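sequence unknown, structure follows:
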């Protein structure tokens, strides 16, 4: 799986997955694991990762990862976001969410990416062609670690959000690292995987990610939602402990 992810273009991965996942649902039919996003069940989840391989990470029938399942549980159980009438911008849309959100009649849902075949609009997140205060919700998950000028991207997200709008900004965070590590001299795929965890990442975020987002003007809550679940639940739903969910609010006071 690691080498397929690394060498097959993302466009093709997305295209082929629409044909592959129905077969994988049959192949891994079972009751041991659950994807809460569509409530499908499986005999196993697949291993996934680059620098380190994580067991029980990838749902074979939906291609959801730990972060997708955790976010869905949080949004569904703890917020009204999924039920509210919202104008939503989804940056680099994940397939499992795309399929769900496209069916939401109560959302005015728009997808955006520089290259994805399931993006409604192609463009650069650092310079989006939307007027100020355009969206109630921006979903931008596992994007910022790929962008050299992530602060500029954050400023754009802040700009296009309505006052009191929400941005969901999941990124891989090393909770043992106090300060984000980045070095513009690290450019090879080998070294980026070695130092940043993945061949196309340009930094490894630390727990100062919250400060980084707040410097743009947001109010940020770092939700550690796995603290609410016991070990059996975490295994059954294929979650990662201490996988933080950054929820950023564009405050009227800023």
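Yep, it's here. Only a predicted model underlies this, so the values are computations on that prediction, with no experimental measurement involved.

What is the end-to-end distance of stretch 225-238?
Stretch 225-238 stretches 13 Å from its first residue to its last (CA to CA, to the nearest Å).

What lies in contact with it?
32-36, 45, 56-57, 59, 66, 69-70, 73-74, 78, 239-243, 245 (CB atoms under 8 Å, 6 or more residues apart in numbering). In this view, the C-beta of every residue, glycine as well, is placed from N, C-alpha and C.

Can I get the buried part of these as one ChimeraX selection?
The buried subset of the contacts of stretch 225-238, as determined by 16 or more other CB atoms under 10 Å, is captured in ChimeraX by this line:
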select :33,34,35,36,45,56,57,59,66,69,70,73,74,239,240,243,245
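
In strands, which of the contacts of stretch 225-238 appear?
32-35, 56-57, 245 (DSSP state E).

What is the nearest of those residues to residue 178?
residue 245 (19.7 Å; CB to CB).

That closest one pairs with what?
residue 223 (DSSP bridges).

now do residue 86
Under the criterion used (DSSP bridges), residue 86 bridges to residue 107.

re earlier: farthest-separated two in the ones in strands among the contacts of stretch 225-238?
32 and 245 (25.3 Å).

so how many other residues sit close to residue 224?
12 (other CB atoms under 10 Å).

mean confidence for stretch 77-94?
In this model, stretch 77-94 has a mean pLDDT of 97.

Kindly report the same for stretch 202-213.
Mean predicted confidence for stretch 202-213 is 97.

Then stretch 42-59?
88.

Name the residues of that stretch that are buried.
Quick answer for stretch 42-59 (16+ other CB under 10 Å): 42, 45-46, 48-50, 54, 56-59.

Show the end-to-end separation of stretch 205-212, please.
10 Å.

quick one, phi psi at residue 155?
phi -60, psi -40 (degrees, to the nearest 10).

wait, is residue 165 part of a strand?
Yes: assigned with DSSP: H, G, I helix; E, B strand; the rest coil, residue 165 falls within a strand.

from what I can see it touches residue 250, true?
Yes: using CB atoms under 8 Å, residue 165 is in contact with residue 250, at 4.8 Å.
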